[in-house]
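Novice: fold the following for me, if possible:
(one chain, ligands or ions: 1)
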Amino acid sequence: MRKYLIAGNWKMNLDRAASVQLADALAALYPAAGETEIAVCPPSVYLDAVRQAVRGSGVKLGAQNMYHLGPGAFTGELCSDMLLDIGCRYVILGHSERRSLMGETDAMVNEKTHAALAAGLIPIVCVGESLEQREAGQTGDVVRSQFEHSLAGLDESQMAGLVIAYEPVWAIGTGKVATPEQAEEVHADLRNLLATRYNSGLAEQVQILYGGSVKSDNASELLSQANVDGALVGGASLKADSFQGIIQAASQIAVN
Ligand code: PEP
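Specialist: Coordinates of the predicted model:
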């Protein structure tokens with residue numbers, strides 16, 4: 001039985017004090033690990049402060065990116081050893097903002113995914129189509145291609161150690177959310193790919209998150225879809241009460 005994972009991507013938001021305040025609030029709400037897995041991914045400079053706030057609680061730590069090599073002469077980058085050292089369990093890879101603004105390709109995401117898995121981090125690998133691609137009827141092809149190339153060369157046990165996030169680019173930070181049916185169609189497609197490329201046992205194991213304007217008031221219907229195993233949350237993860245609402249929606253579905 002797959003557990004829900006609700007992961008907050010704080011992006012380049014909050015300062016140190018606000019990060020700690022939010023982390024403290026979440027740690028108080030979730031003092032121990034529960035049925036729903038919870039993670040926060042603060043800006044890298046606040047990872048240590050947030051780690052101290054959530055240490056021992058049910059809230060796990062994630063980074064928003066990493067470099068595939070290192071340690072060494074890679075100015076401005078962070079490597080897997082550093083993320084582990086600072087207490088990270090997860091690392092988001094291939095977020096559409098990194099793909100579109102920082103020029104990350106599937107090949108780069110693939111290198112990072114291999115490196116993260118080799119180090120023992122759990123990569124949350126993002127895929128998703130743009131509005132133009134969706135309107136041109138290319139959603140399935142785009143997502144399949146990102147899956148094939150970003151996750152190339154992984155064996156079954158590596159694949160079992162990662163999380164996939166389907167994030168339609170047109171729904172990220174726009175307030176436009178995919179309908180539950182749109183999300184489920186792509187999630188089911190991804191799970192079929194896992195079953196075809198690997199096997200149905202593995203396909204049943206891998207968590208596939210939805211991301212794109214998830215809020216407490218739309219979380220229930222998205223998370224009720226058979227193949228939606230959680231959410232990668234941007235804006236609504238910046239406030240404890242809205243993030244809590246999403247976690248509660250997941251937990252309620254899990255107990256019913
Ligand atoms: C994200 O950045 O991964 C995201 C889903 O953002 P938002 O929830 O704000 O759309």
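
Novice: write out the residues of the stretch 51-200 of the chain neighbouring the ligand.
Specialist: Counting by Cβ under 6 Å from any ligand atom, the residues of the stretch 51-200 of the chain lying close to the ligand are 167, 172, 173. Placement of C-beta: from N, CA and C, glycine included.

Novice: which ChimeraX command selects the buried ones in those residues?
Specialist: The following ChimeraX line selects those of those that are buried, judged by 16 or more other Cβ atoms under 10 Å:
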select :167,172
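
Novice: can you redo the residues of the stretch 51-200 of the chain next to the ligand as TSV with pLDDT?
Specialist: Converted to TSV, those look like this (pLDDT from 0 to 100):
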residue	pLDDT
167	97
172	92
173	89
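
Novice: restricted to strands, list the residues of the stretch 51-200 of the chain next to the ligand.
Specialist: Residues from these lying in strands, with DSSP state E as the criterion: none.

Novice: for the residues of the stretch 51-200 of the chain next to the ligand, which one is nearest residue 37?
Specialist: Using Cβ to Cβ, residue 167 comes nearest to residue 37 of these, at 18.1 Å.

Novice: and that closest one, what is it in contact with?
Specialist: 95, 96, 126, 127, 128, 210, 211, 212, 232 (Cβ atoms under 8 Å, 6 or more residues apart in numbering).

Novice: closest one of those residues to the ligand?
Specialist: The ligand lies nearest to residue 211 out of these, by Cβ to the nearest ligand atom, at 3.5 Å.

Novice: so where's the protein uncertain?
Specialist: Nowhere does the chain drop to pLDDT under 70.

Novice: give me the phi and psi for the single nearest residue of it relative to the ligand.
Specialist: Per Cβ to the nearest ligand atom, residue 234 is where the chain lies closest to the ligand, at 2.2 Å. Phi and psi for residue 234, reported as degrees, to the nearest 10, are phi -90, psi -100.
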